[in-house]
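Colleague: Kindly return the folded structure for what I paste below:
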Amino acid sequence: MNNNRLKIYNARIVTPYRILENATILVTDGKISHITQESVDFADAMEIDAEGKYVSPGFIDIHVHGGGGHDFMDGSEEAFLKIAETHAMYGTTGLMPTTLTSELDELYHTLDLYKQADKNNTKGAQFLGMHLEGPYFSVAQRGAQDPRYIRNPDPKEYMDILSRSSDIKRWSAAPELPGAIEFCNHLRSKNILVAMAHTDAIYEEALVAFEAGYTLATHFYSCMSGVSRRECFRYAGVIETAYLIDEMDVEIIGDGIHLPAPLLKLIYKIKGPDRIALITDSMRAAGMPPGESILGSKHNGLKVIVEDGVAKLPDRASFAGSVATCDRLVRNMINMADVPLLEAVKMASLTPANILGLSNTKGSLIKGKDADIVIFDKDIRVSTTIVGGKVIYNKN
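Modeller: Below is the predicted model of the structure:
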């Protein structure tokens, strides 16, 4: 058997355009080499009988903090690898490790660990670059972010951070802060994705920010301004801005709790599947039983409680990140928001790939693309996850 050749047959293959019944997908050297509904011989290949299940592009999670009892800011390579393995069990083939607002030394250590872990990540979802969430946020919209570390953009600081790591591919910040547009300009010059997050901006500020390069709304609706009244007058916020600007992308925590069914339906109706990326925003308790947990690093993170399928601050005043996995996101969009399977999958694969600029190689099952594949049943229960043509998870 040739480890570089893979054949998946008896499959319902989810392409960007339709579902191919009783189809076969062939993989050579980690790339998709052929998709057909005809019988085909593929000598010396590893074979997988999909047993009539769906064969879909792997899920891409562009905002994830942890899982399996670990957080990316735990300060260990093991945490990175275990999180990647945990999410692979639920169909994730690519993810962006995401930081929380923290001390600089802790951030630097996390960035160093990313480079080390990326080389040794052979059993989990592929790392697609670091996502820095903070520290340049509105204190009023901090949510579960530690207020001790929240501040305005400092050119000396962020230039130093960027000089220490070439793995930063995305940064979330509040665009209304002093210096936030200059910050964005610098990041865009380095081809880093810039997103609006933990923000109290009004429409006029958010529009200027979008024009500068803040093209994505981080965890849409969460810690984000909507319509507000200021000295008698009403102002639109970032939520309304994202609706008004057709070209603006949004990411949503589709756990059914951060956003209930009516809001999932509204976002889908207005933005459509090409502008919505499903994210977990999951913390360490993803894939773990309910109970007490920690948001952020173990040594100075925030204590939280996991109940009702979500993480909350101990006083239950705010959510503290989700415990979702990508299969749950897709399942919820289908069952709660009445979204067709084809489009729910797209929001978990091709749309995030487009947002990251990776759609030439990832996000859909097309000849020549990376063989990042997930096999699941009609209830979106994952049985097999494949990254680059290699099986990294098999339920059986």
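
Colleague: Tell me, how many residues neighbour residue 189?
Modeller: 9 (other CB atoms under 10 Å). Just so you know, the C-beta spots here come from the backbone N, C-alpha and C atoms, and that holds for glycine as well.

Colleague: Sorry, wrong one. I was asking about residue 301.
Modeller: Neighbour count for residue 301, taken as other CB under 10 Å: 22.

Colleague: For it, which non-adjacent residue is closest in space?
Modeller: residue 294 (4.2 Å; CB to CB, 6 or more residues apart in numbering).

Colleague: Ramachandran coordinates for that neighbour?
Modeller: The phi and psi values for residue 294, taken as degrees, to the nearest 10, are phi -130, psi 130.

Colleague: Now do it against residue 317, distance only.
Modeller: In this view, residue 294 and residue 317 are 17 Å apart by CB to CB, to the nearest Å.

Colleague: can you check residue 145 too?
Modeller: For residue 145, the distance to residue 317 (CB to CB) stands at 14 Å.

Colleague: what's the answer for residue 72, then?
Modeller: Distance of residue 72 to residue 317, computed by CB to CB: 25 Å.

Colleague: With residue 76 instead?
Modeller: Distance from residue 76 to residue 317, by CB to CB: 31 Å.

Colleague: looking at this protein, which residue ends up farthest from its center?
Modeller: residue 232 (38.4 Å; CA atoms, centre = their mean).

Colleague: what number of residues lie near the nearest residue to residue 173 once chain neighbours are set aside?
Modeller: Once flanking residues are discounted, residue 173 sits nearest to residue 136: 4.1 Å by CB to CB, 6+ apart. Counted with other CB under 10 Å, the neighbours of residue 136 add up to 27.

Colleague: now swap in the one 10 residues further on and tell me
Modeller: When counting by other CB under 10 Å, one arrives at 18 neighbours for residue 146.

Colleague: and residue 72 and residue 317? which has more neighbours close in?
Modeller: residue 72 (31 against 9).

Colleague: circling back to that earlier point, just the element for the residue nearest to residue 173, please.
Modeller: Using DSSP states H and E, residue 136 is not contained in any helix or strand.

Colleague: That one and residue 176 touch, don't they?
Modeller: No. Residue 136 is beyond contact range of residue 176, at 10.4 Å (criterion: CB atoms under 8 Å).

Colleague: which residue ranges form the helices in this protein?
Modeller: For the chain, the helices defined by DSSP state H cover 77-88, 104-120, 155-164, 180-189, 203-212, 238-244, 261-271, 326-335, 341-347, 350-356.

Colleague: contacts for the third one?
Modeller: Read it as helix 155-164. For helix 155-164, contacts defined as CB atoms under 8 Å, 6 or more residues apart in numbering pick out 104, 107-108, 111, 132, 168, 179, 182-183, 186-187, 190, 192.

Colleague: For it, which residues meet the burial criterion?
Modeller: 158, 161, 162 (16 or more other CB atoms under 10 Å).

Colleague: And the fourth one, by the same measure?
Modeller: Burial within helix 180-189, assessed by neighbour count using 16+ other CB under 10 Å, is assigned to 180, 181, 183, 184, 186, 187.

Colleague: Over to the first one?
Modeller: Neighbour counts using 16+ other CB under 10 Å place 77, 79, 80, 81, 82, 83, 84, 85, 86, 87, 88 of helix 77-88 among the buried residues.

Colleague: okay, the second one: pLDDT?
Modeller: It stands for residue 79. Here, the pLDDT recorded for residue 79 equals 97.
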